[in-house]
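> pasted the sequence and its predicted model underneath.
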Amino acid sequence: MLNQADVPRGTTVLGTAIGGDTRDQAVHTLDGTLGRLATQPLQLSLDGRQFTLSPEVAGLSMDTGATVAQVTHHSYDPSTVLHSLLGSGNAVAPVVEIDGDKLRAALSRLAASGSAREGSVRFSASGKPLVTLPKAGSGLNLDAAVALVEQAYRNRAAGAKEGTINLPVTAVRPKSTAASTNQAAQTLGKWAMQSKLFHVKAGSTTVDFGPRTFSMALTLRPDGSGAFVPVFDLAALKQAYGSKFAGAQVNGKEVTAQQVADALTTLLSKPNGPTSITLN
């Protein structure tokens, strides 16, 4: 009868007292304390260069609702009731949520800061291929870095003292070669920059694409096997075609930049093949 609080007395989370609170009160309190801690940038170092990583961008968070939920249950065990009534200490660690895909994607962006680089082909406004040859060097060990950053964030949630996270570096050999990069420029690149237009149809709407569009949004990059494939910057592609697909629908939904990119990738991947495709 005396033990009516949602959260047992004496409960703390990283030094913040929530014992005796209702669920809502406890969550509100932790939103103010854990919220600041959870979103504080992580300090990273890669091969002597300093970076910061936003936990929100990297899919790292502390769930205040789940943290409170794990202690807001009533037990009628005499020892548990006695601890609650007397307010004896019960330190609880916050619940950590990790979005592995977001963390990997955020760290992948740092990989570009290494001395190694992949071959790629971009295009000038006049349609000239701009070739960047591959180069071996050092780079981020992505798998090890993901595990290291995740553990560092869990250590933060456990109240450990923080410092700079030294990301692991490894030797990187590009998947592409100078020959394959130049060949991509002469095959896929030449096909993309031909004077003949490419056509993407959605219902009764047809939109034309050509060198001007591709110079804004297209890059040729090696895939996992080292073969070059078209890669589109979706924001730049959408800017390039503007409102031309306005009102057009596919399966009752508006046309997306990803659908357009996928369609153009299909056409560009087959030099001397079809130049028209219908979204479905």
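On my side now, so go ahead.
> quickly find the element holding G189.
Assessed by DSSP states H and E, G189 sits inside helix 188-192.
> so which elements touch that helix?
Packing partners of helix 188-192 (3 or more Cβ pairs under 8 Å, 6 or more residues apart in numbering; DSSP states H and E): strand 120-123, strand 218-222, strand 228-232, helix 257-268. For every residue, glycine as well, the C-beta is placed using N, CA and C.
> which residues in the stretch 151-280 of the chain form strands?
165-166, 169-172, 198-202, 205-209, 218-222, 228-232, 249-250, 253-254, 276-278 (DSSP state E, counting those that start in this stretch).
> pick out the shakiest of these, pLDDT-wise.
Mean pLDDT across the strands of the stretch 151-280 of the chain is lowest at strand 169-172; the value there is a mean of 89.
> do you know which of the strands of the stretch 151-280 of the chain lies nearest S124?
strand 218-222 (11.8 Å; Cβ to Cβ).
> pull the residues that contact that closest one.
118-123, 174-176, 180, 184-185, 188-189, 192, 228-233, 268 (Cβ atoms under 8 Å, 6 or more residues apart in numbering).
> what's near enough to touch the nearest residue to H199 once chain neighbours are set aside?
Using Cβ to Cβ, 6 or more residues apart in numbering and skipping the chain neighbours, the partner closest in space to H199 is S276 (4.2 Å). By Cβ under 8 Å, 6+ apart, the contact list for S276 reads 198-201, 267.
> for these, which one is nearest A17?
Checking those one by one against A17 (Cβ to Cβ), the nearest turns out to be V200, at 60.3 Å.
> got TSV for the helices and strands packed on helix 188-192, with distance to D6 too?
Listed next are the helices and strands packed on helix 188-192 as TSV, based on distance: least, Cβ to Cβ, whole Å:
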stretch	distance to D6
strand 120-123	56
strand 218-222	53
strand 228-232	51
helix 257-268	45
